[in-house]
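Enquirer: Fold the stuff below for me.
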Amino acid sequence: MSEADPGLFGPSSVTWQLHSDPMMWVAGIRALYLQALHPRAVRGVMQNSDFHNDAWGRLLRIADFVGTTTYGSTEAAERAGARVRKIHRMLGATDPDTGERYGVDEPELLLWVHCAEIDSYLYVARSSGFPLTDAQADRYIGEHRVSARLVGLDPDAVPGNQAEMTAYFEKVRPDLAAGEEARAVDDFLLRPPAHPLLVPAREVLWRRVAHLAYAALPPYAHELYGRPAPKPATVTRRLRATGTLLRCVPARLRWQLPPKHILRAMARLGPTARPAPYKLGR
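Expert: Got it, this is the predicted structure:
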């Protein structure tokens, strides 16, 4: 494998620039809220993981997978995908109402998780001020047919632009509901377990982030969760303010957090691989 291997996306991709933005953490929480509204999908998570006791570990593993597939070498990304597919093949869930047993790697479920994630990344980034044209947003969605393949989906069956993504969500909406598992995810995201000394920080910082991520959900999600939807202009104002604040933190400082995917990619490819929004205009 060449030392200069750019990986699956590479520095010229929209993904390379977008995934370096600090608002991706808010977007990731929005994705969890949205994913929990598919009863079969969230049931697979709740029945196969110790979500309540290891939710932080799960969040960090998801972030590591996204970082590896975005900034890692082709070999590292393919290896991460193979690991995820192997785990999914071994897991199943049971519908408590019908007794039906099904695999968590059903294409319908993988597609929902994928689309909820990509939609969340794109919506939060753009709404918070990350500069993307419609053409670049389409490019971003199309690029992630690659990440869909990594988890076991047929890339041709995955939305490749904004219009296809919108049509997908309209099609799947009748299947969505805020069931018992969704309520459990909601409760966790508002009050995650924390050391007693960290509870004040959780109340001040985490709850603000979780409330913002929840506020950024589409109107039908607010309706399903049973809480009134905030005004879109208010949500956009809050997202922009948070994005402006977080982007004031020097990138080099943010990227020092383990496992340092971006810094490792720059070491592999050279300083010109540094992600930056302005590069999208080139």
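
Enquirer: where in this protein is pLDDT low?
Expert: 1-3, 50-56, 194-195, 197-199, 202-204, 282 (pLDDT under 70).

Enquirer: If we use 50, what do you get?
Expert: 1-2 (pLDDT under 50).

Enquirer: all strands for it, in order.
Expert: Applying DSSP state E to the chain gives strands spanning 92-94, 101-103.

Enquirer: Mean neighbour count, those: which tops it?
Expert: Mean neighbour count, computed with mean count of other CB atoms under 10 Å, is highest for strand 92-94 among the strands of the chain, reaching a mean of 17. Yep, even glycine has a C-beta here, placed from its N, CA and C like the rest.

Enquirer: Note down every partner strand of that strand and its orientation.
Expert: Neighbouring strands of strand 92-94 in its sheet, by DSSP bridges, are strand 101-103 (antiparallel).

Enquirer: Report the separation between the residue lying closest to Arg207 once chain neighbours are set aside and Ala184.
Expert: Nearest in space to Arg207, with sequence neighbours left out and distances taken as CB to CB, 6 or more residues apart in numbering, is Leu190 at 6.6 Å. Counting by CB to CB, to the nearest Å, the separation of Leu190 from Ala184 is 11 Å.

Enquirer: These two - which one has more neighbours?
Expert: Ala184 (16 against 13; other CB atoms under 10 Å).

Enquirer: Would you format the strands of the chain as JSON lines with distance to Gly179 included?
Expert: Formatted as JSON lines, these follow (distance: least, CB to CB, whole Å):
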{"stretch": "strand 92-94", "distance to Gly179": "13"}
{"stretch": "strand 101-103", "distance to Gly179": "16"}
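
Enquirer: Show me the one of the ones you listed that comes nearest Leu224.
Expert: Of all the strands of the chain, strand 92-94 sits nearest to Leu224, with 20.2 Å by CB to CB.

Enquirer: So which residues lie in contact with that closest one, not counting its own?
Expert: The contact list for strand 92-94 (CB atoms under 8 Å, 6 or more residues apart in numbering) reads Arg40, Arg43, Gly44, Gln47, Asn48, Glu100, Arg101, Tyr102, Gly103, Val104.
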